[in-house]
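Q: Here is the input, now give the coordinates:
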Amino acid sequence: MNKSGKVLIFFGLFWSGMTLMFDGFTVVPAVRQVLAQRFVATAGTVRSSEVTHQEDSDGDTHGVRISYAYTVAGREYVSDRYRYGNFSSSDCGWANQAVGENPPGKPVTAFYNPRAPDEALLQPGLAGSDLFMLMFMTPFNAVMLALWVAGWNQARRRWHHPPAGGVKLATNLRQTRARMTEFSPLGAGLAAIALLAFLGIFVVAFGFGGFHPPLRVALVAWGVVLIGGLTAAAWHWKNLLAGKHDLVIDTLNGTIQLPRTFKRTTVRRLALTEIHGAFVETLAKTDGEGSTTYTYAPTLRLVGPDGPTERLAAWHDEEKARAFVAWFNKELGPRPSIYLAQQQAMNPPLAR
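A: A predicted model of the protein is given here:
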């Protein structure tokens, strides 16, 4: 295994461990909130309520501590659980509102677990904060899934050696179609969901109550995210059905049809004799912070060694790109290119 593969595995394990841990902190309380809707309601009284404050290097966070008494079957219980996963956050408005609505001595409705009466809370069911935290974790989970897919693809190539680096191929008697897209419709949909969730975090947090938006706002935000993801998946599927991302090798007619990408908006066909060969072009992109990312583009060289080029795709997986290029050059075979024909015309063989 090369160095980049080891780095990918280490980073993937670290990222997955951290993400799954925070998923637990987010999903488990949300599930418990849903299950708490089956709890039994009973009368209670607030004994004390206060806004809590915590200071650390990242700033102040605020929470609530509301103690209340309730009676079940003639026995009094005391609890200070407001909600499951009652985490602190930097916005204090929700905490002040919750404490203001539950002053000491106020009668409240407590909801207790009929199987364990000492387990109770004041607010069962999902709230906007639960859905907001799920949205907050969505981009992190998308990166985790992308790392899993990348690791699986590397392992599959190492164990099974699929042709063309794992690019999906469809072959009949006269044509071979290679689907040059990096993403499946599912992958495109998940990528769109991750991007929209990332943007939605800022819109909801800065425009609708920080980490504790109203439930209706959170539901609308999730609706936009999911509809956007479904739209992206459907659009990508439509393009796949139309063959937009297909490289078509027609050996019967001696032509090749390029995918309609990289500003190629119409069908472009080339004679196989026009193609000198394929190679992997490394594309570097540097962001405003100076961080550089690389993609790897299977690229055709036309006419001769110094002729024009046509990029076919741009992938993040270098091994896949190189395996595909090796497969393509093998499929191209020993057909002489125009460049070679010109060279032969200029340098005819010696007469015997």
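
Q: Where does the prediction get shaky in this protein?
A: 1-5, 56-59, 304-305, 334-352 (pLDDT under 70).

Q: all helices of it, in order?
A: Remark: helices assigned in the chain by DSSP state H are 3-35, 93-101, 128-160, 185-207, 215-241, 318-332, 338-346.

Q: Select, out of those helices, the one closest to Arg177.
A: Among the helices of the chain, the nearest to Arg177 by C-beta to C-beta is helix 215-241 (10.8 Å). Just so you know, the C-beta spots here come from the backbone N, C-alpha and C atoms, and that holds for glycine as well.

Q: residues of the closest one that come out buried?
A: Residues of helix 215-241 classed as buried: 215, 217-218, 221-222, 225, 228-229, 232-233, 236, 239-240 (neighbour count, 16 or more other C-beta atoms under 10 Å).

Q: by how many degrees do it and helix 128-160 diverge?
A: When axes from the mean of the first three to the mean of the last three C-alpha atoms, to 10 degrees is applied, the directions of helix 215-241 and helix 128-160 differ by 30 degrees.

Q: Counting by contacts, list what helix 215-241 packs against.
A: Contacts defined by 3 or more C-beta pairs under 8 Å, 6 or more residues apart in numbering; DSSP states H and E place helix 215-241 against helix 128-160, helix 185-207.

Q: Can you list the buried residues in the first one?
A: Neighbour counts over helix 128-160 (16+ other C-beta under 10 Å) mark 128-142, 144-147, 150-151, 153-154, 157 as buried.

Q: do the same with the last one
A: Buried residues in helix 185-207, counted by 16+ other C-beta under 10 Å: 185, 187-198, 200-201, 204-205.

Q: Distance to Ala73 for the helices of the chain - can I get that in JSON lines?
A: Formatted as JSON lines, the helices of the chain follow (distance: least, C-beta to C-beta, whole Å):
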{"stretch": "helix 3-35", "distance to Ala73": "22"}
{"stretch": "helix 93-101", "distance to Ala73": "28"}
{"stretch": "helix 128-160", "distance to Ala73": "31"}
{"stretch": "helix 185-207", "distance to Ala73": "42"}
{"stretch": "helix 215-241", "distance to Ala73": "33"}
{"stretch": "helix 318-332", "distance to Ala73": "65"}
{"stretch": "helix 338-346", "distance to Ala73": "92"}
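
Q: Could you work out which of those helices reaches nearest to Ile256?
A: Using C-beta to C-beta, the nearest of these to Ile256 is helix 318-332, at 8.8 Å.

Q: Alpha carbons of the closest one, as PDB, please.
A: Taking Å, rounded to 0.1, in the frame of the first residue of the first chain, the C-alpha atoms of helix 318-332 are listed here in PDB:
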ATOM      1  CA  GLU A 318      -5.400   8.900  -8.900                       C
ATOM      2  CA  GLU A 319      -5.200   5.100  -9.000                       C
ATOM      3  CA  LYS A 320      -8.600   5.000 -10.700                       C
ATOM      4  CA  ALA A 321      -7.500   7.500 -13.300                       C
ATOM      5  CA  ARG A 322      -4.200   5.700 -14.100                       C
ATOM      6  CA  ALA A 323      -5.900   2.300 -14.300                       C
ATOM      7  CA  PHE A 324      -8.500   3.700 -16.700                       C
ATOM      8  CA  VAL A 325      -5.800   5.300 -18.900                       C
ATOM      9  CA  ALA A 326      -3.900   2.000 -19.000                       C
ATOM     10  CA  TRP A 327      -7.100   0.200 -20.000                       C
ATOM     11  CA  PHE A 328      -8.000   2.800 -22.700                       C
ATOM     12  CA  ASN A 329      -4.500   2.700 -24.300                       C
ATOM     13  CA  LYS A 330      -4.800  -1.100 -24.400                       C
ATOM     14  CA  GLU A 331      -8.300  -0.800 -26.000                       C
ATOM     15  CA  LEU A 332      -6.900   1.700 -28.500                       C
END
